[in-house]
Each structure stands twice: as structure tokens, then as C-alpha cells.
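*Asks:* how would this look folded up:
(chains A and B)
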2 protein chains.
Amino acid sequence: MCQLLGMNCNVPTDICFSFTGFRQRGGSTDVHSDGWGIAFFEGKGVRLFVDPQASAESTIAELVRSYPIHSLNVVAHIRKATQGVTSLENTHPFMRELWGRYWLFAHNGNLPHFQPQLDGSYVPVGNTDSEQTFCWMLQSLRQRFGTDAPSRQELFDALGELSLPLAGMGIFNFLLSNGDCLVAHCSTELSYIIRRAPFAEAHLKDQDISIDFRQVTTPEDRVAIIATQPLTDNEPWVNMRPGTLWMFHDGEVVGQQNTVPSPFKSLAEMLDTERT
Amino acid sequence: MCQLLGMNCNVPTDICFSFTGFRQRGGSTDVHSDGWGIAFFEGKGVRLFVDPQASAESTIAELVRSYPIHSLNVVAHIRKATQGVTSLENTHPFMRELWGRYWLFAHNGNLPHFQPQLDGSYVPVGNTDSEQTFCWMLQSLRQRFGTDAPSRQELFDALGELSLPLAGMGIFNFLLSNGDCLVAHCSTELSYIIRRAPFAEAHLKDQDISIDFRQVTTPEDRVAIIATQPLTDNEPWVNMRPGTLWMFHDGEVVGQQNTVPSPFKSLAEMLDTERT
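*Replies:* Reported below is the predicted structural model:
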């Protein structure tokens, strides 16, 4: 499996602190050493760093850790290969363009039996189920909305419908961003925290490093960090419930929906049926 | 205007020496300080570094200069903005996917009156004429060949036909690569050199640095370097004739065609016409 890291903010923020801990899981404190990648939106442009080396050892990861890149939306991934060899073209996040925006996708999981029909509009370059699924998602969005980008809410509803059949086919934790919002799907394991005023000190789990966010923020700052497993050991991370899709914008949750049938909803529907 | 740098080889080679000189033109020895970018194919994968800062000053350019990345095809660009603001999304090279391969494009020139009809399959993210032209080229290739990638020769013929109308509309020097070959169009200014055995010493024009290629090569190595202006002052660079399209593969020229009507050909055709 792999691990995911995402960030969504209301002011451009660097991810150096979180990435410092995250990269250690790529070969040092954990086994995800089959490559890593990180992508930063800067306006509509993207800085994409991918590397088939272990992030704990990588020269480029050291640059990313030490060189603050300020971004509203970041998607990062460390890989433990399940499908596809260790190579640059199989390294997440993947990037494509749709509606004049770049889209980034990173996946933690395995969808061994998903064989979508691809029409050629997006074709995987590597041979992972993850990139194939991303291509199918963008193809499906374009089929649904044509050449006009939908609203944020329409996009979120569509992504919920697309995730539903996949959620039952395997492990499908993912992060997706178009630079405007960040969408996160928890299939088995994903957590988030929103840092906002009053800020406090945070301490990494994977390395004995702390940061006092009071020193580096303004009262209006709001930063959502999403990660497979919490990155700090003294903050109130929220475990997302398996089978939920989340949308983050401006550093807060702006949407949440279920991607597995809710037993409560089914019960309610049954009662409704009995009443009629 | 801007400057271009490309490399095409038969064995994965680093571009540190050439990039050392090239990056100086981005704000130090020349005026191209509105951003820079470089992309390396590694197998079918791509490492893409783009930066709206001047390359002579950039921390990321310093990493690229000092960290050898071995590649068969490289496309680089330093920018002096003509159309579009200085921003990450306007920084070359641009990348898209077609037929399950990434394509990279960098442009030196200006096509102020080219307003192509785009059908939505590729849409510019920024607002440069360069990215718009790239989108139109990929759209045209897909329209022509459908979902099946053409042969290298068919691709080269098609690119010649696509370049013909553009060559008359402005300045259109470009580099394009899909990781298999590198295509270069000289509209006004472009040079190349092929380094092969017997190797010799080369000396940069933009910085007092030499390299003895005999120390770092094997007799089979073949490396084509393409640049707007020669990067060394003691090697026999070939000036491409304006109005020519070139294809490089495995470090040598495998195709050349005219993109302006040749007066000699016209004369021959006239003679042919008179004879018949």
C-alpha cells in the first residue's frame, strides 16, 4: 500500500513541516520506499516533483523539505508498489488537464478487478490501476459535463456517483485536486486536521521536530492537512469514516457524502416504504 | 523572445554541462528572466521542473545543474515574455498526454494572429500563444490518427503539414518530444551539434567552464544538443536553415523537411511543367 498527504488552505502556505514527517515514512520510519511524488498548485500552474527513489533518501525530497513552496492545494504520495513496477511513470501524483485546469490524483489502495472502457481521451502512461482509474474518472467527468466545467457542488456530486461503484471493488483512498478544491475519499484509512486560530505547537510523530504555528501564521489562516495516518502526536486529528467522500476549499470542509449505502438511510427508506 | 535547449541521445545522458551555460542566459548573460523550465523523460515518465523565477537565480535550477538526471530526451526553455504574464502556468515546457505518452512542447517566438478552433480535447491552462498552439497541434494529431499512435515517420510528416501554415504567421521555433524522438522547428534561429566519438573537450560560451567528453563517454555514445544559440565556443555547431523541421532519434538526425516553399523546388517544378 501507499500513504497520502494533502493540503488545502485559504492562503498560500508551505508544507515543509508536514512533508518532513511524511517523507520519513518512505524508507525510514515505514516501508513505502517505491517512489514518491508531490505536486503544488501555484495559481493554475503546477510544480510536480516525482521520483522513483525512496523519499527518505531522495535529493529532490530534501529540496522539497527545505525549500518553502507556497500553495493553496498540495497532493503528495509515497508508494509501496502493489500493481506496476517501480518506475517514474508509475509514480503518483498523476497529472492531466481538463477544462483548462490541471488535475492531480494520488491513490492509496488496490482495484484489481476494475477494467474500465477508455475511449482514448485519457490513456494511462504507466501500468497502475491508479492511473487507469484517474483516466476513467476524467473521461467520465468530460462525458457528463461536455466542454463546460461544472460548479464545485456539481463536481462533488459527480465524484460521489463515480466513487460509488469503485468503493465496493477494492481499496480506494484517494486525493484529487484541480487547484480550486481538494477532494478526499476514505475507503479504509484517512485522517485530517484543520489548523486555525488559536494556533498552537505541533510535534511530528516520525521525527522529534516541533513547530509553533503561532509564530508563522496570521489569525485568518486556515489550513487543512489530510493524511493516511496522523502526522503529529499532539493534535486532534479526525479519522474519516470509511466510505466517505470529502471536499475541502479555503482550508475547511465544504462537503461530505457517503460512498457506501448507509444502514440508517436504508432503514429510513424501509420505514418510508412501509408507510406508503 | 525566449531560448530553447533540447537533448536527444542513444544512451541516458545528463545535461548538467549544457544547462550550466544555458541557465546563465536567464538573467545573467542574457535577458530571458521571466521563468524557465526543463523536462526529462525517464522511460515513459517525465520529471518536469518549472519555475517563474529567473533561472540564473533559481534554487531549483541550481538543483538541476548539480544533480545529474539521465535522460534520452530533454526539453528546456528560458522565457522572455511576449504574450501572457509571468506565472507558473505560462512557463514552458508544457506537458499533455496523447496515445498513452506524455508530450512536451517549448516555443520561442510569437504567433499573435493564430486563433485556432479548439474542440476541448486540449485546453490551455495559461494564456500564451505557445500553449494554445501546442493544444491545437495535439488536437490535430488526434483528429488525424484517431486512437492509434502513428509511426515515427507518419508523425514527422504530419508535424510538417501542421507547421506549414504556422510558419508563415510569425516566429515559430519549437521543440517537441514524446520521449521517443525530439522534433525541432527552426523558424528563425536554432542550432545543433551531435557529439560522438572521437570525443573532445568543449568550452561554454556563457561561463568559463570546460568538460573533456573523453572522460565521461563510451565510444558508442551519441548526443544531439539543440539550442537557440550555440552553447560552446569551440565546437562545430550547425545553424539550421530557417523554415526547416528536424527529427532526432537515438542522438542523430533521422528526418528533415522544409516548412516554407523552397525556391529551388519551385524552379524544378517549373522546369518539369515546361517539359510536360
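
*Asks:* Surely A:Phe17 is in contact with A:Asp206?
*Replies:* No. If you go by C-beta atoms under 8 Å, A:Phe17 and A:Asp206 don't touch, sitting 11.5 Å apart. Heads up, the C-betas are built off the backbone N, CA and C, glycines and all.

*Asks:* tally of neighbours for A:Pro150?
*Replies:* By other C-beta atoms under 10 Å in any protein chain shown, the residues close to A:Pro150 number 15.

*Asks:* Show me which residues of chain A sit near chain B.
*Replies:* Applying C-beta under 8 Å from any C-beta of the partner chain, we find that chain A lies next to chain B at A:42-52, A:59-60, A:63, A:67, A:87-91, A:95-102, A:119-126, A:142, A:146-147.

*Asks:* Give me the PyMOL select line for those residues, limited to the buried ones.
*Replies:* Only the buried entries of those go into this PyMOL selection, using 16 or more other C-beta atoms under 10 Å in any protein chain shown:
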select buried, chain A and resi 42+43+44+45+46+47+48+49+50+51+52+60+63+87+88+89+90+91+95+96+97+98+99+100+101+102+121+122+123+124+125+126+142
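
*Asks:* The residues of chain A next to chain B in strands, which ones?
*Replies:* A:42, A:45-51, A:95-98, A:101-102 (DSSP state E).

*Asks:* Nearest to A:Gln132 among the residues you listed?
*Replies:* A:Arg96 (12.3 Å; C-beta to C-beta).

*Asks:* Quick check: closest non-adjacent residue to the residue in the stretch 51-200 of chain A positioned nearest to chain B.
*Replies:* For the stretch 51-200 of chain A, the residue closest to chain B is A:Leu88, as judged by C-beta to the nearest C-beta, at 2.7 Å. Distances taken as C-beta to C-beta, 6 or more residues apart in numbering or on different chains place B:Gly45 nearest to A:Leu88, at 2.7 Å, with adjacent residues excluded.

*Asks:* Show the pLDDT at A:His32.
*Replies:* Looking at A:His32, its pLDDT stands at 85.

*Asks:* Looks like it contacts A:Arg79 (just checking).
*Replies:* Yes. Under the criterion of C-beta under 8 Å, A:His32 makes contact with A:Arg79 at 6.0 Å.

*Asks:* so what sits against both of the two?
*Replies:* Contact criterion C-beta atoms under 8 Å, 6 or more residues apart in numbering or on different chains; residues shared by A:His32 and A:Arg79: A:2, A:26.

*Asks:* Those two: which is more packed in?
*Replies:* With neighbours defined as other C-beta under 10 Å, A:His32 and A:Arg79 compare such that A:Arg79 has more, 29 against 26.

*Asks:* residues touching that one, list them.
*Replies:* A:2, A:26, A:32, A:34-36, A:86, A:90-92 are the contacts of A:Arg79 under C-beta under 8 Å, 6+ apart.

*Asks:* Out of those, who's the most crowded?
*Replies:* A:Trp36 (33 neighbours).

*Asks:* helix, strand or coil for the closest residue to that one other than its chain neighbours?
*Replies:* Leaving aside its chain neighbours, A:Trp36 sits nearest to A:Ser55 (3.7 Å; criterion: C-beta to C-beta, 6+ apart). Three-state assignment for A:Ser55 (DSSP: H, G, I helix; E, B strand; the rest coil): coil.

*Asks:* Could you measure from A:Ser55 over to A:Leu5?
*Replies:* 10 Å (C-beta to C-beta, to the nearest Å).

*Asks:* what about the spatially closest residue to A:Cys16 that is not a sequence neighbour, how many neighbours?
*Replies:* Spatial nearest neighbour of A:Cys16, excluding adjacent residues (C-beta to C-beta, 6+ apart): A:Pro68 at 5.5 Å. A:Pro68 has 13 neighbouring residues, counting by other C-beta under 10 Å.
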